[in-house]
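[1] The sequence and its predicted three-dimensional model are supplied below.
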Amino acid sequence: MDTYNKALNILMKSPVTDDMIQFLTHATLQVMPNNTAYPSPPGSPKKSRLPSLRTFITKLVRYTNVYTPTLLSAVCYLNKLKRILPKDAKGLPSTIHRLFLACLIISAKFHNDSTPLNKHWAKYTDGLFSLEDINLMERQLLQLLKWDLRLSNEDLILDLQYLLEPIKQHIEITTRQKKKMLAFKKQQQKQEVYKHMRNLSVSSNLSSSTLVNSTSYEDLKCPSPYNNKSTSRSSSNGSIKQIDIWHDNNMPNDLSWNLENHPVAIASHNY
């Protein structure tokens, strides 16, 4: 129903088209589909002067510059008449013209603050109907409708479904396309974020690898007291002994190790 409401809003804002006039013509003819023309009484338009219903509606639309909501609301009143009148109702050759004109007049007066007067409507018919004819058809229509001219969105959607359906389908197609586009954009954004994070991870790994490779083993190696070939220490009698240390791979890396206990690596000289 929301889609139909959107379609109705679009339809009411659109200009009057030939499709609308054709739709109005068909709706008017359906009010009395089995109409058999009786002889026209005096004062009524002669059949030779009577234009086709489509031509009649087209001229009224052109003369009055009627708004689309006013014109299409007349369809709802026509359908109300169709439900009220007997199925075998018959009338004059000009009856369908009268029905449409009466519905258009009450639609204009009910939905607009400023509308043409009935004498102006008589002129818009090119002399087909007099002021008395228009006053009479308006009163008769109001009596048939029991002066209830209210229309809801549900009434409009139901009676204008033929015009609303293409607009509704277009809205649904556009909505699906927008959803697909949004989903595609979100997927692209996720891929960009993932790619950015992956680049950051690769860059971080490369930086760590460069730092490790630039640090030599000698820089990382702890200094040992055995790296020097010669050290000196004081003897028990105060004399200094020069100690020559020859590197031994089996020598433990322990600062508390007693150099004097090593039988091979040490040569002592007293001075």
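    That came in fine, so what should we check first? Numbering: from 1, shown residues only.
[2] make it CA atoms for all contacts and neighbour counts henceforth
    Noted.
[3] Average pLDDT for stretch 76-90, rounded please.
    Averaged over stretch 76-90, pLDDT sits at 90.
[4] now do stretch 111-118
    91.
[5] Show me which residues of it are buried.
    Of the residues in stretch 111-118, T115, N118 count as buried by neighbour count, 16 or more other C-alpha atoms under 10 Å.
[6] Ok, stretch 11-26 next?
    Buried residues in stretch 11-26, counted by 16+ other C-alpha under 10 Å: L11, M12, V16, M20, I21, F23, L24, T25.
[7] got it, and stretch 185-192?
    Under 16+ other C-alpha under 10 Å, stretch 185-192 has no buried positions.
[8] can you give me the helices for the stretch 51-200 of the chain?
    53-64, 68-84, 95-111, 118-124, 131-144, 153-159, 161-213 (DSSP state H, counting those that start in this stretch).
[9] Which one, of those, ends up nearest to Q30?
    Comparing these by their distance to Q30 (C-alpha to C-alpha), the top pick is helix 68-84, with 7.4 Å.
[10] between that closest one and helix 95-111, what angle do the directions make?
    130 degrees (axes from the mean of the first three to the mean of the last three C-alpha atoms, to 10 degrees).
[11] hmm, who's touching helix 68-84?
    For helix 68-84, the external contacting residues (C-alpha atoms under 8 Å, 6 or more residues apart in numbering) are 12-16, 20, 24, 27-28, 30-32, 99-100, 103-104, 107-108, 111, 144-145, 149, 151, 155-156, 159-160.
[12] In ChimeraX, select just the buried ones from those.
    To isolate the buried subset of these in ChimeraX, counting by 16+ other C-alpha under 10 Å, use the following:
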select :12,16,20,24,27,28,31,32,99,100,103,104,107,108,156,159,160
